[in-house]
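# what would the 3D arrangement of this be:
(chains A, B, C and D)
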There are 2 protein chains.
Amino acid sequence: MAASDDELAERLVALYPVLRCLSARALAELCQTASRVQLAAGAAVFDECQNCPGFPLILAGTIKVVKSTAAGREMLLYRVEPGDSCIITSSCLLGRSRYSARGIAELPLTLLVLPPPLFEQMIAEQPLFRDFVFHLFAERIAELMQLVEEVAFHRLDQRLAKLLLARGETVRATHQALADELGSVREIVSRLLKGLAGQGLVVLGREQISIVDREGLRQLADSGR
Amino acid sequence: MAASDDELAERLVALYPVLRCLSARALAELCQTASRVQLAAGAAVFDECQNCPGFPLILAGTIKVVKSTAAGREMLLYRVEPGDSCIITSSCLLGRSRYSARGIAELPLTLLVLPPPLFEQMIAEQPLFRDFVFHLFAERIAELMQLVEEVAFHRLDQRLAKLLLARGETVRATHQALADELGSVREIVSRLLKGLAGQGLVVLGREQISIVDREGLRQLADSGR
DNA sequence: GCGAGTCTGTAACTGCGGTCACAGAGGCCG
DNA sequence: CGGCCTCTGTGACCGCAGTTACAGACTCGC
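Predicted coordinates:
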């Protein structure tokens, strides 16, 4: 028990260096007070209009935060990874409002959920923790504003190019998955990818896109700004 | 001097009831420490990639926060009114990052700008003030997520209808101004307004749109969700 | 090896939103 | 009154994204 808590504390601090600001005692207490949640890949972490059970620290896996329509289309707002915190959750917690999007576990997910009183206490007493949370807020807001701009003003091929660039050398994903990130539909993504391949920017394979001309893609993504 | 500070304090507390959590002394000190800024209508309050001089409380006027393109198109992200705070500013301040949009005074604007150390002190010491700021964060984030959804999934006529509904009985604005809120262009707004008028939902006049069928507009705005 | 299910390609068509190029219409000011 | 500026109306045209409807390709399990 104590050993596993020690281990947990270590992993926590490795992912969230800011927690070093806590005393060893406080950290141990945190590990005991917080509840551990495990979810399978694909499970819903939260949904629109729910209330929020606490402040989640991500130990493993990722959450994708998504708006979706009745027609089955979907759009990625942002992704939450270990070391981040799910800002929408914090915002519910802090603002006492409700979720306004859905969160879905992309990989098997392990969370440590701080109960609200503990969270508020840490915000009150730990300037560094406060800074950490605020910094996440600031980042998300900037990202969301950027996203609005891109959706409003950029063509889909540019957004697709940017998405591919952000994913490294070879992207393993179905066209449907890419469409869901962009808020579009599969056929269009297929068509655009074929276009990119025709320009020699990528090479296509099953569930795989290999970038061959990174610079060209970047030019496309940045054209007309 | 003291009289004018008293007046200021009164106006402040009227607009920001949360400041009641301060002692009379602290409030007086705040009024003295903070700097007052006046800007003409149309003036830039901040721009992308600037750093942030402090935490603004709005005494009079409004700020529109906007993304704009090289081609001269513009898109309203949100509007900041007396009693609100400009969250993008707070996010810069708290997250030590930079603006990622432009802020423009819509009316003659009076700000009271709290220097960062004072702001941080209040965040640290005043739980109610902290709540107030967080609540604003939460609201903005939810609004931005909503905006992404609307831009990505809703037709322009629906978004226009919603915009008109949110503006009261008769809307006084040029088509260009409406286009700038929606991230579109004047001709399209004119065309769509003509369509709405044709359906008997609104009546058009110079720099003026009068809503005659509120319910019909609402149906249009909500159709296909 | 066969069939079900998933993933991809692709062609025809539609419609929304944007661009361009004007023409009036209403105000404001000298 | 005449000229200028802003605001609005409008028609022709274009291109992107979305829809529909398939057909083939690949994978996996039986």
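
# which parts of the helix or strand hosting A:Ala197 are buried?
Under DSSP states H and E, the secondary-structure element containing A:Ala197 is helix A:186-198. In terms of neighbour count (16 or more other Cβ atoms under 10 Å in any protein chain shown), helix A:186-198 has its buried residues at A:Ile188, A:Val189, A:Leu192, A:Leu193, A:Leu196. Heads up, the C-betas are built off the backbone N, CA and C, glycines and all.

# without its sequence neighbours, what residue ends up closest to the last one?
Looking back up the chat, that one is A:Leu196. What sits nearest to A:Leu196 in space, not counting adjacent residues and going by Cβ to Cβ, 6 or more residues apart in numbering or on different chains, is A:Val202, at 4.8 Å.

# give the bridge partners for that neighbour, please.
The bridge-partner assignment for A:Val202, based on DSSP bridges, gives A:Ile211.

# look at A:Ala9 and say how many residues are nearby.
Using other Cβ atoms under 10 Å in any protein chain shown, A:Ala9 has 17 other residues around it.

# the longest helix in chain A is where?
If each helix of chain A is counted by residues according to DSSP state H, the longest one is helix A:127-153.

# so who does the spatially most central residue of chain A touch?
For chain A, the residue whose C-alpha lies nearest the mean C-alpha position (Cα atoms, centre = their mean) is A:Arg79; its distance is 1.4 Å. Taking Cβ atoms under 8 Å, 6 or more residues apart in numbering or on different chains as the contact definition, A:Arg79 lies against A:Thr62, A:Ile63, A:Lys64, A:Val65, A:Glu106.

# in strands, which of the residues you listed appear?
Taking DSSP state E as the definition of strands, these contribute A:Ile63, A:Lys64, A:Val65.

# give me the subset of those touching chain B.
The overlap between the ones in strands among the contacts of A:Arg79 and the neighbours of chain B (Cβ under 8 Å from any Cβ of the partner chain) is empty.

# top of these by number of neighbours, please.
The member of the ones in strands among the contacts of A:Arg79 that has the most neighbours, counting by other Cβ under 10 Å, is A:Ile63 with 26 neighbours.

# how much space between the closest residue to that one other than its chain neighbours and B:Glu74?
The spatially closest residue to A:Ile63, leaving aside those adjacent along the chain, is A:Val80, at 4.3 Å (Cβ to Cβ, 6+ apart). Note on A:Val80: its distance to B:Glu74, by Cβ to Cβ, to the nearest Å, is 31 Å.

# residues near the residue nearest to A:Ile63, how many?
A count of neighbours around A:Val80, defined by other Cβ under 10 Å, yields 24.

# hang on, it packs against A:Ile58?
Yes. With contact defined as Cβ atoms under 8 Å, A:Val80 and A:Ile58 form a contacting pair (6.4 Å).

# what are the ranges of the helices in chain A?
Per DSSP H, chain A carries helices over the ranges A:2-15, A:24-33, A:87-95, A:116-125, A:127-153, A:156-165, A:175-182, A:186-198, A:214-222.

# which residues touch the residue nearest to A:Ile63?
Contacts for A:Val80 were tallied using Cβ under 8 Å, 6+ apart; they are A:Ile58, A:Thr62, A:Ile63, A:Lys64, A:Val65, A:Cys86, A:Ile87, A:Gly103.

# what's opposite the first one in the beta bridge?
The residues listed as beta-bridge partners of A:Ile58 by DSSP bridges are A:Leu111.

# now it: how far from A:Arg36?
Taking Cβ to Cβ as the measure, A:Ile58 falls 12 Å from A:Arg36.

# and for these two, which residues touch both?
Where contact means Cβ under 8 Å, 6+ apart, the residues bridging A:Ile58 and A:Arg36 through contact with each are A:Thr110, A:Leu111.

# the two: which has the busier surroundings?
Summary of the neighbour comparison: A:Ile58 and A:Arg36, criterion other Cβ under 10 Å, with A:Ile58 having more neighbours (20 against 11).

# how near is the more buried one to B:Phe46?
A:Ile58 sits 33 Å away from B:Phe46, taking Cβ to Cβ as the criterion.
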